[in-house]
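1. got a predicted model here, sequence first, then my questions.
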Amino acid sequence: MKKLIQNLVTSLFALLFVVCAYSQAEKAKYYIEGNYEIVSDNHQLVYKLYDIKSKNISFSAADTLYGITNEDETVYFEFEKAQTTNPNGFKNGLKFWRWQKKSQEWLEDSEIQNAEQSFSTNKVMSIVLILDCSKSIGSDFAALQESAIKFVSTLASKVSKNGNVHLGLIGFSTMKNTQTVVPLQPLNASTAPEIIDAISNMQLGTANGTALYYAMHKGVEMIDSYVETLRINDGEIYDGSSIISFTDGYDNSSIDPSIGLPNDDDDMLRTPYFNYLKRNILTQTPNGKPLDSYLIAVKGKDANYNKADFEGAMQELSSSKEHFYPVENFDLLQGEFQKIADRLVDKWKNLKCYVPRSFVGKVRWTLGNEIETQTITPTPVTETKPVYVEMPVEQEKEQEPITYVETPSRPNRIFFWGFHTGFGFEAVAKFHGEWSENTDLQVIGNNGETYYLPQKYNGVATFKYSIGADLGAWVMPNWELGGYVTYHTPILISFGLQTLFGNPEGWGGYIGLGYNGGIFRKCPVAYKYRDYIDMQRINSSALEIRAGVKYKNLYAFLNCAFGKWNSQMIYENNGNVITAHGHGTGCIMTVNVGYNFSSLIKK
């Protein structure tokens, strides 16, 4: 009896463990999920992850990720710029789970290495730091220098050990006193101390003028000319440019007659130079990448302008609302510089998620042991892609709480739909007429000549234009099965079944089979009979075959229909109407191109 109780207790704990483990994966509060597939390409294995979705973890948007193989043959997927709302970040790693179709449950695979956070080393970025050195800053200038030094130190120690961050420094007061303190150069162990020394040795200007717009203009010009000659090594990618500007007051010095002169109707802040900077300079894309403008602004001590107006104008010179940092006083300045540094550091943060080489199917990586308390019922939603939401993960105690945005989920792909159009011809072979007598029909012409309409005559060809629609569903990862309907001029309709197959990211094939038919319609007749035949009406019934190729969402095919063409001819002469019926063999041939608008191809 005692042994029986022990066995029951053991079984109960085992069952409880399985239930808890399933709940941990199924209702995880933090996870990344996708479909894992292995394909062969030129005898090379390709590892793919698609239908990617996540909860409370964000990263750069991607339809399909391709696995990376280490020397020890472990395979992992790298999620760029990964961040999470989990207070502990990614430091404890993510567990790997695989979905079992037969048992319909998640199983943890403890032999697979936990997902871990790493820093990318192949991204290159250009940054110019633009610091206000006007006389009005006074004794607070030391706080500005200390904040800028910590900013440089953060980038140098965390993401630019190999010099993949290129940093420059501009100090400004008036236009005349705006100068390049440090030209753009790689930030590394050798140059970082020199740049820090340059910041420490910066001096306040002797005038109170502030030429912020001019200094930002020079900063963008510095980046633009630098990246034109910047050499990107093999395996590296240029990830963008940024200017980080600080000012303690509105611009009262920037002016250029070639840009435009101010007048008394102008906004004090939004001068012609302001508008030129906003519309023509900050919209540039050095090396093909958008320029990010961060701006930190303190309302000067002796300023007599409206604070809200000032901050509104400064925000317009930032890339977004989140790129603008209004500061109440210089005691908070270092924290704002650190926020920008953390945002830039996040651009290099990646998450490596490992998978087994020999398993394919649905996979999930969960962070922590927290689960949702309510039951989640999946509902179909409009397909969306993962959205990268920049958010600092590690926060200092004095920073205000940040509201995080959850990465939207992406539903399974179901339907596809598209349109195709084409052109070609319709041709009818010899017409076999059936007259009232078993002889050729004798016709008397207008001048008394005698003509004969033979029982057989050659048909004619006419131009065809077609337009149609496709609708279907995914039956396998690499197969679409559906139907089509097409209208061919004049008054021909075809419909049938079709399939698209092959590599979803590249080339494949297209096959269709259907019926092509037309109602009675007026058609032209051979030229030599037009004086005698006022009208020919015809209909058709044909088997239609279409075959072609596809590439991603594009497809092209040749459409051929072969069948029987039924004709009716009407001859009118001196009030007499003679009708002839006949039939012949005909065909329709068109060349068509189409596009699948459903965006379901896994890129």
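-> Done, it's in. Bear in mind that the values here come from a model prediction, so they are computed numbers and not experimental data.

2. any idea which element residue 150 lies in?
-> Per DSSP states H and E, residue 150 falls inside helix 141-158.

3. give me the neighbour count for the nearest residue to residue 80 once chain neighbours are set aside.
-> In space, and not counting its chain neighbours, residue 80 is closest to residue 60: 4.2 Å by Cβ to Cβ, 6 or more residues apart in numbering. Bear in mind the C-beta positions are built from the backbone N, C-alpha and C, glycine included. Using other Cβ atoms under 10 Å, residue 60 has 13 other residues around it.

4. quick revisit: check which element follows the helix holding residue 150 along the chain.
-> Counting by DSSP H and E, the next helix or strand C-terminal to helix 141-158 is strand 165-172.

5. what's that next one packed up against?
-> Helices and strands touching strand 165-172, as assessed by 3 or more Cβ pairs under 8 Å, 6 or more residues apart in numbering; DSSP states H and E, comprise strand 123-132, helix 141-158, strand 179-186, helix 191-200, helix 212-228.

6. and residue 554, which of those is closest to it?
-> strand 123-132 (32.0 Å; Cβ to Cβ).

7. figure out which of the helices and strands packed on strand 165-172 is closest to residue 68.
-> Of the helices and strands packed on strand 165-172, the one closest to residue 68 (Cβ to Cβ) turns out to be strand 123-132, at 15.7 Å.

8. may I have the strands that pair with the closest one, each with its orientation?
-> Strand 123-132 sits in its sheet next to strand 165-172 (parallel), strand 237-247 (parallel), going by DSSP bridges.

9. ok and it relative to helix 191-200, angle-wise?
-> Put simply, strand 123-132 runs at 10 degrees to helix 191-200, going by axes from the mean of the first three to the mean of the last three Cα atoms, to 10 degrees.

10. outline the domain layout of the chain.
-> With domains defined by automatic domain parsing, the chain comprises 24-120+348-368+377-412, 124-326, 415-596.

11. include distance to residue 338 when you put the ones you listed into a markdown table, please.
-> Output for those, formatted as a markdown table (distance: least, Cβ to Cβ, whole Å):
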| stretch | distance to residue 338 |
| --- | --- |
| domain 24-120+348-368+377-412 | 7 |
| domain 124-326 | 7 |
| domain 415-596 | 42 |
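
12. just the C-alpha atoms of stretch 76-88, please, in PDB.
-> Output of stretch 76-88 as PDB, limited to C-alpha atoms (Å, rounded to 0.1, in the frame of the first residue of the first chain):
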ATOM      1  CA  TYR A  76      21.700  29.900 -34.700                       C
ATOM      2  CA  PHE A  77      19.600  32.800 -35.900                       C
ATOM      3  CA  GLU A  78      20.600  36.300 -35.200                       C
ATOM      4  CA  PHE A  79      17.900  38.900 -34.300                       C
ATOM      5  CA  GLU A  80      19.300  42.400 -34.800                       C
ATOM      6  CA  LYS A  81      18.800  45.300 -32.300                       C
ATOM      7  CA  ALA A  82      17.000  42.900 -29.900                       C
ATOM      8  CA  GLN A  83      15.300  44.400 -26.900                       C
ATOM      9  CA  THR A  84      12.900  43.300 -24.200                       C
ATOM     10  CA  THR A  85      10.600  44.700 -21.600                       C
ATOM     11  CA  ASN A  86      11.800  42.100 -19.100                       C
ATOM     12  CA  PRO A  87      13.400  44.000 -16.200                       C
ATOM     13  CA  ASN A  88      16.400  41.600 -16.200                       C
END
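
13. what does stretch 152-167 contact?
-> 119, 121-129, 182, 184-189, 191-192, 195-196, 199, 226, 230, 236, 338, 341-342, 344-345, 347-348 (Cβ atoms under 8 Å, 6 or more residues apart in numbering).

14. return a ChimeraX selection command for the buried portion of those residues.
-> The buried residues among those can be selected in ChimeraX (16 or more other Cβ atoms under 10 Å) with this line:
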select :123,124,125,126,127,128,129,182,184,185,186,187,191,192,195,196,199,226,230,338,341,342,344,345,347,348
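
15. any chance of the strands paired with strand 123-132 in CSV, with mean pLDDT, mean neighbour count and distance to residue 55 too?
-> Below are these laid out as CSV (pLDDT from 0 to 100; neighbours: other Cβ atoms under 10 Å; distance: least, Cβ to Cβ, whole Å):
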stretch, mean pLDDT, mean neighbour count, distance to residue 55
strand 165-172, 96, 24, 32
strand 237-247, 93, 22, 27
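
16. would you turn those into TSV with distance to residue 281?
-> Compiled in TSV, the strands paired with strand 123-132 are given as follows (distance: least, Cβ to Cβ, whole Å):
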stretch	distance to residue 281
strand 165-172	14
strand 237-247	10
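
17. where does the residue lying closest to residue 26 once chain neighbours are set aside land in three-state SS?
-> Spatial nearest neighbour of residue 26, excluding adjacent residues (Cβ to Cβ, 6+ apart): residue 106 at 6.0 Å. At residue 106 the chain is in strand, as set by DSSP: H, G, I helix; E, B strand; the rest coil.
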